[in-house]
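>>> Sequence first, predicted model second:
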Amino acid sequence: MIPQSMTTRAAAVAAAGALTLSLAPAASAAPEGGATVSASSQSSHADAGELGAHLLDQDLTWEDCTFPDLEPQTQAALQEIEGLACADVTVPRDWHDPTDGEIITVRLSVTDTADPERSQGIALVNPGGPGGSGLPWGAAMAMRSPNLAEEFNFVGFDPRGVGQSTQLSCEYQPDASHDAWEDGAAAVAGCLDNPLTPFITTEQTAYDMDFLRALLNEDRISYVGYSYGTWLGSWYQTLFPSHSHRFLLDSATDLTRKSLQETWDLQPRSRDRQFQDMLLPYMARNHETYQLSEDPLEIRRAWEQAGGTRDPLGALITAQIVIPAMYSTAGYPGAADAVATFIALDAPEADGAEELSAQLEDFIAASDGVAVDAGEASIVQAHLFEKAREEVQRLVEVDQAAETGETVTFAGTFNAIRCQDGQWNRSRGYWDAWVADLNTKAPYIGPFMGAPLCAHWPAVTEKPKPHQRTHPETLILQSEFDAATPYEAGERSAKIMPNTSLISVNNEGTHGLFPYGTTCVDDPVEAFFLDGALPKNVACGALPLPGEDQAYQVGGDIHEAQQTVKVKMRTDAVKEANRMVREMLMEQHHGE
């Protein structure tokens, strides 16, 4: 997520920041109005091994796995997992026409940890994205959950378009005369020029997964999917119910929808909610460390007075340092330090990316070591600072390209998947109204939100509806303050999807929970995988935040009868903060 206030071109490229199953002819030439082909409307064919039979006899070259994006210590630990090996698998580029001669590769990793006498087969793992590398995650799950590793051999893979699989790269030429909407349209047009783009979808990846199943000579797969990986897993279950065994969908998107738009529409509001209901109260409780206030609302006031996310530096800090802590609350000390340092710095609004770069260096110098313990936390903070530097450098390069007429290259998988998996609204008026509404109801994140690239992108397919009779048993795990895939998405999915149960974690904000470290959360997940015991809905308490000895009650509370969490998107704390921000902006406007 990139602050739009920095540059309109940056905003456009930034985004550039889961029956009847046989496949119809590719719908890459979807009409301008957004007509799509739904997999659920096709005649039956539920086995990618049969569709890709001509590729089943390929010889796989098994090799040692390398995970270059990981820290050397982490990579070395994963390479110690029993039987870990990697190989490239050839798959059809288009499962709608698998014998057309066009092929791509998918890189996979396998482990060999399961006791042969107790083995329940393979379990694939996807960490989300769309566009996240899943190659290390087979070994990572074996390490993170040794009880499951005794009965499952975990399989990681880089989905098509990602990492060590065939990648999708897009390019376009920024134009200094364009506004953000025009530049977004140009970026999409550049991505659609790549002939691989129409085939980078969740539907195609689901068929890749089933082909991996057939290639590894398995009748069924189990699965652990996080975030977008829940969308992918649910899509697979719908297409291949008879091949689906135990599925954990952790931090779920809204799996009942035809596209991902509804889930993404909630993100700005859920990020405002976690900021106001969790991070600022954490800072207030630890006021001796952050030296601001014992009142969360007063800390918010100081943040807004310093410019908040309306200021390019505040937006950059939010996108690169605070939001990552909303994925793992272990990062709260660093995020709190970033908020406090920005308030104390009180720098004037940066005029352009070059000036923003200088302000970032001042910010890093001022926050060096403050409130962040030595060791792993400081390593993470240093990594986030470096990511912020890279982002500013990217903004500089985009601005320069707009002036010189050079092209900009960006990874296209994230947007290709989320935009092509179902039609998003393509009206500029809709997105202008959406942004205006966010600036009133989610004024923390709202100032740097804009129309997504999906507003310009024709869909290729849409998510098929889960079938009431054939949908496999499924377990969803969701935290109350998840800011990326809000609690409401997981709760709705569990309520509507058949044979599905929900584990809720009250007062928790981390995105991606299992293994969590409490018996309330982890025991029913393990019982489901090991014994097939799908629990009824379970509501659990949260672990304490860093440096605290208890979890504090915030937001909603547990609905005892349904074992879910009762929480509103705009809680009382959020409503109070929104009123305060509106009053401050009105006073500022009248004073100008």
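Received, thanks.
>>> Can you report how many residues lie near residue 535?
Residue crowding around residue 535 was assessed by other Cβ atoms under 10 Å; the count is 15. The C-beta positions use only the backbone N, C-alpha and C, and glycine is treated the same way.
>>> surely residue 201 meets residue 417?
Yes: if you go by Cβ atoms under 8 Å, residue 201 and residue 417 touch, sitting 6.1 Å apart.
>>> Pretty sure residue 471 is one of the things residue 493 touches, is it not?
No: with contact defined as Cβ under 8 Å, residue 493 does not reach residue 471; the gap is 11.5 Å.
>>> The residue nearest in space to the middle of the chain: what's it in contact with?
Taking Cα atoms, centre = their mean, the centroid of the chain lies closest to residue 129, which sits 4.3 Å from it. With contacts defined as Cβ atoms under 8 Å, 6 or more residues apart in numbering, residue 129 is in contact with 159, 162, 227, 228, 229, 413, 414, 417.
>>> part of a strand, is it?
No: Residue 129 is assigned coil when assessed by DSSP: H, G, I helix; E, B strand; the rest coil, not a strand.
>>> can you map out the helices along the stretch 301-450 of the chain?
312-317, 323-327, 332-345, 353-367, 376-404, 413-420, 428-441 (DSSP state H, counting those that start in this stretch).
>>> and the fourth one, what other elements does it pack with?
The elements that helix 353-367 packs onto, with contact taken as 3 or more Cβ pairs under 8 Å, 6 or more residues apart in numbering; DSSP states H and E, are helix 312-317, helix 332-345, helix 376-404.
>>> Buried deepest among the ones you listed, which one?
helix 312-317 (a mean of 26; mean count of other Cβ atoms under 10 Å).
>>> what is the mean pLDDT for it?
Average pLDDT, helix 312-317: 93.
>>> Contacts for that helix, please.
Taking Cβ under 8 Å, 6+ apart as the rule, helix 312-317 contacts 3, 5-6, 303, 306-309, 338-339, 342, 345, 347, 349-350, 356, 359-360, 363, 388, 391-392, 447-448.
>>> Pull stretch 348-368 out as CSV, backbone CA atoms only.
Extracted in CSV, the C-alpha atoms of stretch 348-368 (Å, rounded to 0.1, in the frame of the first residue of the first chain):
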residue,chain,number,x,y,z
PRO,A,348,7.0,19.9,7.5
GLU,A,349,5.2,18.2,4.7
ALA,A,350,7.7,16.8,2.2
ASP,A,351,7.6,18.3,-1.3
GLY,A,352,8.4,15.4,-3.6
ALA,A,353,10.1,12.0,-3.2
GLU,A,354,13.6,13.4,-2.8
GLU,A,355,12.6,15.5,0.2
LEU,A,356,10.7,12.6,1.6
SER,A,357,13.9,10.5,1.4
ALA,A,358,15.7,13.0,3.5
GLN,A,359,12.9,13.1,6.1
LEU,A,360,12.9,9.3,6.3
GLU,A,361,16.6,9.4,7.2
ASP,A,362,15.9,11.9,9.9
PHE,A,363,13.1,9.7,11.2
ILE,A,364,15.3,6.6,11.3
ALA,A,365,18.0,8.4,13.1
ALA,A,366,15.5,9.7,15.7
SER,A,367,13.9,6.3,16.3
ASP,A,368,17.2,4.3,16.4
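>>> Where does the prediction get shaky in the stretch 251-400 of the chain?
Under the criterion pLDDT under 70, the flagged ranges of the stretch 251-400 of the chain are 368-379.
>>> So among the contacts of helix 312-317, which ones count as buried?
For the contacts of helix 312-317, a burial check counting by 16 or more other Cβ atoms under 10 Å picks out 3, 5-6, 303, 306-309, 338-339, 342, 345, 347, 350, 356, 359-360, 363, 388, 391-392, 447-448.
>>> quick one: buried residues of the helix or strand hosting residue 73?
Assessed by DSSP states H and E, residue 73 sits inside helix 72-78. The neighbour-count check on helix 72-78 (16+ other Cβ under 10 Å) flags 75, 78 as buried.
>>> Also stretch 437-450?
438, 439, 441, 442, 443, 444, 445, 446, 447, 448, 449, 450.
>>> quick one: contacts of the helix holding residue 73?
Contacts for helix 72-78 (Cβ under 8 Å, 6+ apart): 65, 66, 67, 68, 70, 84, 136, 139, 140, 143.
>>> if you average pLDDT over it, what comes out?
Mean predicted lDDT for helix 72-78 stands at 94.
>>> Likewise for stretch 110-117?
97.
>>> Can you get me the start-to-end distance on it?
This stretch, stretch 110-117, spans 19 Å end to end (Cα to Cα, to the nearest Å).
>>> Begin at 426 from now on, thanks
With the count now opening at 426, the last piece we talked about shows up as stretch 535-542.
>>> how about that stretch: buried residues?
Buried residues in stretch 535-542 (16+ other Cβ under 10 Å): 535, 536, 538, 539.
>>> nearest to residue 911, of these?
residue 536 (32.7 Å; Cβ to Cβ).
>>> and that closest one, what does it touch?
506, 507, 508, 509, 563, 564, 567, 574, 578, 579, 580 are the contacts of residue 536 under Cβ under 8 Å, 6+ apart.
>>> One more: residue 898?
671, 672, 924, 925, 953, 957, 959.
>>> Make a PyMOL selection of the buried ones in the residues you listed.
Entered in PyMOL, the line below selects the buried ones among those, by 16+ other Cβ under 10 Å:
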select buried, resi 671+672+925+953+959
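>>> Pick out whichever of the contacts of residue 898 sits closest to residue 514.
For the contacts of residue 898, the nearest to residue 514 is residue 672 (21.8 Å; Cβ to Cβ).
>>> right, so of the helices of the stretch 726-875 of the chain, which gets closest to residue 521?
Here helix 838-845 is closest among the helices of the stretch 726-875 of the chain (Cβ to Cβ), at 13.2 Å.
>>> In terms of secondary structure, what does that closest one contact?
For helix 838-845, the packing partners by 3+ Cβ pairs under 8 Å, 6+ apart are helix 605-617.
>>> Please identify the buried residues of the helix it packs on?
605, 606, 608, 609, 610, 611, 612, 613, 615, 616, 617.
>>> Could you check the pLDDT of the last one?
Just to be clear, that refers to residue 617. 98.
>>> The third one now?
Looking at residue 608, its pLDDT is 92.
>>> do the first one as well
Residue 605 is assigned 91 on the pLDDT scale.
>>> just checking, it touches residue 875?
Yes: the pair residue 605 / residue 875 is scored as a contact, 5.3 Å apart, by Cβ under 8 Å.
>>> Quick one: the strands in the stretch 626-775 of the chain, in order.
646-651, 669-675 (DSSP state E, counting those that start in this stretch).
>>> show me the contacts for the residue nearest to residue 551 when sequence neighbours are not counted.
Distances taken as Cβ to Cβ, 6 or more residues apart in numbering put residue 654 closest to residue 551, at 3.4 Å, once the chain neighbours are dropped. By Cβ under 8 Å, 6+ apart, residue 654 lies in contact with 550, 551, 552, 553, 554, 557, 559, 674, 675.
>>> quick one: which of the contacts of residue 898 sit in strands?
Among those, DSSP state E puts 671, 672, 925 in strands.
>>> gap between the first one and residue 473?
By that I understand residue 671. Taking Cβ to Cβ, to the nearest Å as the measure, residue 671 falls 20 Å from residue 473.
>>> Compute the first-to-last residue distance for stretch 880-898.
Taking Cα to Cα as the criterion, the two ends of stretch 880-898 lie 35 Å apart.
>>> now swap in stretch 638-655 and tell me
Across stretch 638-655, first to last residue, Cα to Cα, it's 18 Å.
>>> Now that stretch: buried residues?
638-641, 643, 645-655.
>>> between those residues, which is closest to residue 700?
residue 652 (19.2 Å).
>>> Quick one, grab the pLDDT at the residue lying closest to that closest one once chain neighbours are set aside.
Closest residue to residue 652 apart from its sequence neighbours, by Cβ to Cβ, 6+ apart: residue 553 at 3.0 Å. For residue 553, the pLDDT comes out at 95.
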